[in-house]
Structures are given as structure tokens and as C-alpha cells.
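next one to model:
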Amino acid sequence: RFYWERVEASRNFANKIWNASRFIMMNIEKADITGIDAAMTADVDAAMKQYGFTLADKWILSKMNDLVQEVTDNMEKFELGIAVSKLYDFLWEEFCDWYIEMVKPRLWDDADETKAAALWTLKTVLTTGLKLLHPYMPFVTEEIFCTLTDEESIMISKWPEYDKAFDFKADEAAVDKIKEAVRGIRNVRTEMNVAPSRKASVYVVSPKEDIRAIFTASKNFFAMLGYANEV
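Have a look, this model is predicted:
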């Protein structure tokens, strides 16, 4: 069953991964992330506090952790189509369209002290995603992996495993709320034909303090994703 549309979609996906990788490699030297690996091995919670990991970082790491478990289970059951569909959705939507956009303000701000945490998260999630994707896209993943890491080959690297320490369900729920709000704002702007270049004031109204706290903590990237000049 051959479809040109599927070939084109796969080409677009390969381009998306390639461009995301180039973006990460262009920014990787903006902060020293070598110490984070050792800190994470010793104590994940302590490392996250020390390096200032944000809500967005914990959200994507938790999503990636779930993905590792699901894709591994699917592959062991020979559900190859289901596994690659989950990988496609995660890498294209969650990682490229959401997380990379969320961290851009931190990467562009020289004074931001959480830059190293953002870069470590970008590299970790991309490396894990490449390993999971390798059985489906061997050549592109091998090329990126060998450029991104010091390892000899992706084919002999360790297969990713689920880690309880990266289970942040509360942070997942919080970021999903922000995404819901951003989609709402974008829909209203589309209905009213407002150009992306026109910024607007965004008001977050909620009787619940914990909901307001989520948006306060994520004000920078929420403003950018929601085309706001102020929140």
C-alpha cells in the first residue's frame, strides 16, 4: 500500500527532527550542562532544585518517560505501527511544536539561570527520542546521534528505560492547562482575524490560587505562545 502522501509526510517528519536537532546543537554551547548528568545520577529531585528545572522541563521529561514505557511495550508485542505513531506524535507535537517554543525565551536571555536545565532537557529528550526512533529511521537518527553525543554509534547505545524519578504527573496536568489556554487564545484570534504580529493583553482569571500560580510561574513562555505583550 504505497501512498505519495505518506512518503511526503515522512520526509516532512525527517526534516522536522533534523531542524530541531540543528537548533539544539546551535544552542548547546550557551551553558555548561556537564555537571547535571552527575547530579541527576545522585539525586534527581536535588539536581532539579539546584539547576532550576521548570514546570515545562518536568512536563516534557515526564511525557518522555511515559513514551519510553509505552513504545517499548508496543514493540515487544510487535505493535510496530502503534509504537511509531506515538513517537511521531510526541516528537512532532509535544517536543518540537510545544517544548522547543516554550524554552526559546530562556535560551535567548543571557541572564536566565535556568538555561542549563533547558539545554540538558532538550538534549536528553532528543537523544531518547532518537534511540526509540532508530529502528524506523536508522540513517537520520545515527547521523544526528553521533554528532550530538560522544558515543560510537546509536546501534550499540543503551535502550531507554522507564525511570520512576521522572514521573511528574502534577506538572503534566499543569502544562496541559496552559496548552488548553493557549489553544483557546489562538482560536479566538483566528476567529477575529488578528494577525500574529499584533500582541494583546491576556488576563488569567480563576478563583483557584493553584491555577493562578501555574500561569504566574510560566508567564514568559505563556505570553510568547499566546501572542501576548503582557499577562
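
backbone phi and psi for P135, please?
Taking degrees, to the nearest 10, you get phi -60, psi -20 for the backbone angles of P135.

T72 is in contact with that one, correct?
No: under the criterion of C-beta atoms under 8 Å, P135 is not in contact with T72, lying 11.4 Å apart. Quick note: C-beta positions are derived from backbone N, CA and C, even for glycine.

where exactly do the helices run in the chain?
Listed in chain order, the helices of the chain (DSSP state H) span residues 4-27, 34-42, 44-51, 55-76, 80-89, 100-108, 115-133, 138-148, 169-191, 209-217, 219-225.

tabulate the ones you listed (CSV), appending distance to V231 and mean neighbour count.
Below are the helices of the chain laid out as CSV (distance: least, C-beta to C-beta, whole Å; neighbours: other C-beta atoms under 10 Å):
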stretch, distance to V231, mean neighbour count
helix 4-27, 25, 14
helix 34-42, 29, 13
helix 44-51, 25, 15
helix 55-76, 15, 20
helix 80-89, 28, 16
helix 100-108, 13, 19
helix 115-133, 20, 23
helix 138-148, 34, 16
helix 169-191, 10, 15
helix 209-217, 7, 14
helix 219-225, 5, 19
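
in CSV, list those along with distance to S197 and mean pLDDT.
Putting the helices of the chain into CSV (distance: least, C-beta to C-beta, whole Å; pLDDT from 0 to 100) gives the following:
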stretch, distance to S197, mean pLDDT
helix 4-27, 22, 94
helix 34-42, 37, 89
helix 44-51, 35, 90
helix 55-76, 25, 96
helix 80-89, 30, 95
helix 100-108, 17, 90
helix 115-133, 26, 95
helix 138-148, 33, 95
helix 169-191, 11, 91
helix 209-217, 23, 88
helix 219-225, 13, 86
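
could those go into a markdown table alongside distance to P160?
Formatted as a markdown table, the entries for these read as follows, by distance: least, C-beta to C-beta, whole Å:
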| stretch | distance to P160 |
| --- | --- |
| helix 4-27 | 16 |
| helix 34-42 | 14 |
| helix 44-51 | 16 |
| helix 55-76 | 5 |
| helix 80-89 | 12 |
| helix 100-108 | 20 |
| helix 115-133 | 5 |
| helix 138-148 | 13 |
| helix 169-191 | 18 |
| helix 209-217 | 28 |
| helix 219-225 | 26 |
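
closest to E161 out of those?
helix 55-76 (6.6 Å; C-beta to C-beta).

what packs against the closest one?
In terms of contact count using 3 or more C-beta pairs under 8 Å, 6 or more residues apart in numbering; DSSP states H and E, helix 55-76 is assigned the packing partners helix 80-89, helix 100-108, helix 115-133, helix 169-191.

most centrally placed residue in the chain?
The C-alpha lying nearest the average C-alpha coordinate of the chain belongs to F95 (C-alpha atoms, centre = their mean; 3.2 Å).

just give the nearest non-adjacent residue to that residue, would you?
Closest residue in space to F95, ignoring its immediate chain neighbours: V125 at 6.0 Å, by C-beta to C-beta, 6 or more residues apart in numbering.

from memory that neighbour sits against W98, does it?
No: taking contact to mean C-beta under 8 Å, the distance of 11.6 Å between V125 and W98 leaves them out of contact.

identify the contacts common to those two.
I60 (C-beta atoms under 8 Å, 6 or more residues apart in numbering).

relative to the whole chain's centre, how far out is stretch 20-37?
14 Å (C-alpha atoms, centre = their mean, to the nearest Å).

repeat for stretch 86-101
On the basis of C-alpha atoms, centre = their mean, stretch 86-101 sits 6 Å off its chain's mean C-alpha point.

next one: stretch 179-197
A distance of 22 Å separates the C-alpha centroid of stretch 179-197 from that of its chain, computed with C-alpha atoms, centre = their mean.
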